[in-house]
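# okay, here's the prediction I keep looking at, along with the sequence it came from:
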Amino acid sequence: MIIEGKSFVLKNNTQVILRSVKPSEAQLFLDHARIAHRESYRNLNRPPDYWDKLTVEEEEKILKNMEESKRRFMLGAFLNGKVIGGVANFGHDQSFQEFNGMIGISIQNAYHGLGLGEAMMRFAMEKSKESGCHRLELTVRTYNTGAIALYEKLGFKKVGTLRETAFIDGQFVDEYMYDYLF
C-alpha cells in the first residue's frame, strides 16, 4: 500500500513528513533501523545486528511487497532527507485474519518526547482504517512505560500478558498484548 505524505510539526517546531518508504529509499530506511535498534534494542523485535546483516536489496524487496499489499504499509518519518522514525502495519495474510493489522514503531532517541510517536501512530491508525482494517494489535515490553502510556492514550486496550516471551540480555522478559477495534 502506498501512502502519500502528510506534514507534521513537532514540539520543537521541526517539520517532518510521514509517507511510504519507497523501495528506492531502502538504504535510508536501513540507516534509520540500524540507529534506532542499536539505541532501543530492548524495546524492539530485532537485535541490532539483524539490520547490519540485511542488504539493501533485501530491504528493497520488503518495501516492494509492502507497496503491493492492500493493507500493509511502511511509513517513514522524513526530516531533511533522512528517516528518523518508522511505523508499519504488517497485517495478516490469512483469509480469516486479513482485516487484522499488526503495528510496529521505531524512533531514534534524539526525536523522543517531541510528539513524533503520537503523530506516527495516529496517522498509521487512520491509514489502517482507510484500508479496511478492523483490528490492530501490538506488543510492548512491560517495562516500556512511555510506549504503554502512548498506546493507552490512543485507545489501545491491554488484552493480556505474554509471559517470558522475549530473551534479552540473558533474561526472559514479559510483553503486554494490546489491541484496538475500529
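Received it, and whenever you're ready, just let me know what you need.
# for the helix or strand of the chain with the lowest mean pLDDT, packing partners?
Scoring the helices and strands of the chain by mean pLDDT, DSSP states H and E places helix 48-53 at the bottom, with a mean of 88. Counting contacts by 3 or more CB pairs under 8 Å, 6 or more residues apart in numbering; DSSP states H and E, helix 48-53 is packed against helix 26-40. For the C-beta atoms, the positions are set from N, CA and C on the backbone; glycine is no exception.
# coming back round to it: next structured bit after the least confident helix or strand of the chain?
Sequence-wise, the next helix or strand downstream of helix 48-53 (DSSP states H and E) is helix 56-68.
# could you say what helices and strands that following helix packs with?
Using 3+ CB pairs under 8 Å, 6+ apart: helix 56-68 touches helix 26-40, strand 73-79.
# list the contacts of the longest one.
Meaning helix 26-40. 21, 44, 46-48, 50-52, 54, 56-57, 59-60, 63, 74, 76, 81-86, 106-109 (CB atoms under 8 Å, 6 or more residues apart in numbering).
# so what's the gap between it and the chain middle?
Centroid displacement of helix 26-40 relative to its chain, using CA atoms, centre = their mean, to the nearest Å, is 12 Å.
# over to the residue nearest in space to the middle of the chain. Which of the three states is it?
Centroid-nearest residue in the chain, with CA atoms, centre = their mean: Ile105, separated by 2.3 Å. Using DSSP: H, G, I helix; E, B strand; the rest coil, the secondary structure recorded for Ile105 is strand.
# okay, stretch 36-44 in CSV with CA atoms only?
Extracted in CSV, the C-alpha atoms of stretch 36-44 (Å, rounded to 0.1, in the frame of the first residue of the first chain):
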residue,chain,number,x,y,z
ALA,A,36,17.1,3.0,16.3
HIS,A,37,17.7,-0.7,17.0
ARG,A,38,21.2,0.0,18.5
GLU,A,39,19.7,2.6,20.8
SER,A,40,16.5,0.8,21.7
TYR,A,41,17.0,-2.9,21.0
ARG,A,42,15.5,-3.8,24.4
ASN,A,43,12.2,-2.4,23.2
LEU,A,44,12.2,-3.7,19.6
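# I'd like the average pLDDT over that stretch.
Mean per-residue pLDDT for stretch 36-44: 90.
# could you check how far the residue nearest to the centre of the chain is from Glu164?
23 Å (CB to CB, to the nearest Å).
# repeat that for Met121.
Taken as CB to CB, the span from Met121 to Glu164 is 27 Å.
# out of the helices and strands packed on helix 56-68, flag the one nearest Arg135.
strand 73-79 (16.2 Å; CB to CB).
# all set, thanks.
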